[in-house]
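Asker: no FASTA, just this:
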């Protein structure tokens with residue numbers, strides 16, 4: 001897993017924002033639409049209450065697939081239009097050269113493939129969200145290829161894309177790292193999640 005530098009980013013010279021922070025609160029400022037997680041600011045990820053170029057780094061873990069705003073669609077509208085709008089809004093508050101650290105579930109994962117083959121509905125939450133609350137719904141699906149496309153089209157340059165495997169059940173750290181390396185080789189594009197590090201290269 002890529003290093004999460006949340007603790008170091010609390011230094012006053014670097015200002016970071018955790019979008020859809022949940023209980024993790026990785027940033028020096030943490031926002032969420034859900035009041036129950038007690039964010040610093042209650043705000044919608046699509047409409048950030050900050051000035052342009054306010055932040056050096058953004059965290060957005062398992063949030064982009066949830067963005068949604070009811071509106072009328074025509075056949076000419078792009079299905080992923082709101083994803084592009086959201087990424088451009090995130091880019092607006094991020095300084096040029098600033099870093100976006102992003103995590104999204106992978107629709108191309110091995111788990112989804114096995115669920116389709118086995119017709120196993122128990123893995124539906126990986127695709128559609130757990131539905132534990134009105135916020136826990138996936139409106140968009142991503143693969144390695146598509147998350148790179150939408151980021152590149154929204155003014156970001158990809159620095160690193162890594163598979164993210166859930167291997168917490170392996171207690172031995174060395175064994176866990178060995179299994180992770182094997183998985184990264186054999187199932188590189190079939191991980192449960194996609195972890196992306198990108199920088200803002202253009203201003204909208």
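Answerer: Right, received. Where do you want to start? Only a predicted model underlies this, so the values are computations on that prediction, with no experimental measurement involved.
Asker: residues in contact with residue 29?
Answerer: By C-beta atoms under 8 Å, 6 or more residues apart in numbering, the residues touching residue 29 are 15, 16, 17, 18, 40, 41, 55. Yep, even glycine has a C-beta here, placed from its N, CA and C like the rest.
Asker: now with 7 Å?
Answerer: Residues in contact with residue 29 (C-beta atoms under 7 Å, 6 or more residues apart in numbering) are 17, 40, 41.
Asker: cool, and residue 144?
Answerer: Shown in contact with residue 144 (C-beta under 7 Å, 6+ apart): 106, 108, 161, 189, 194.
Asker: let's see which of the residues you listed end up in strands.
Answerer: Secondary structure defined by DSSP state E assigns 161, 194 of those to strands.
Asker: give me the buried subset of the contacts of residue 144.
Answerer: Buried subset of the contacts of residue 144 (neighbour count, 16 or more other C-beta atoms under 10 Å): 106, 108, 161, 194.
Asker: could those go into CSV alongside distance to residue 34 and pLDDT?
Answerer: Below are the buried ones among the contacts of residue 144 laid out as CSV (distance: C-beta to C-beta, whole Å; pLDDT from 0 to 100):
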residue, distance to residue 34, pLDDT
106, 24, 87
108, 28, 80
161, 28, 84
194, 23, 87
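Asker: looking at this protein, which helix or strand is least sure?
Answerer: Sorted by mean pLDDT, DSSP states H and E, the helices and strands of the chain end with helix 124-128, the least confident at a mean of 70.
Asker: farthest-apart pair in the contacts of residue 144, please.
Answerer: Within the contacts of residue 144, 108 and 161 form the most distant pair, 12.7 Å apart (C-beta to C-beta).
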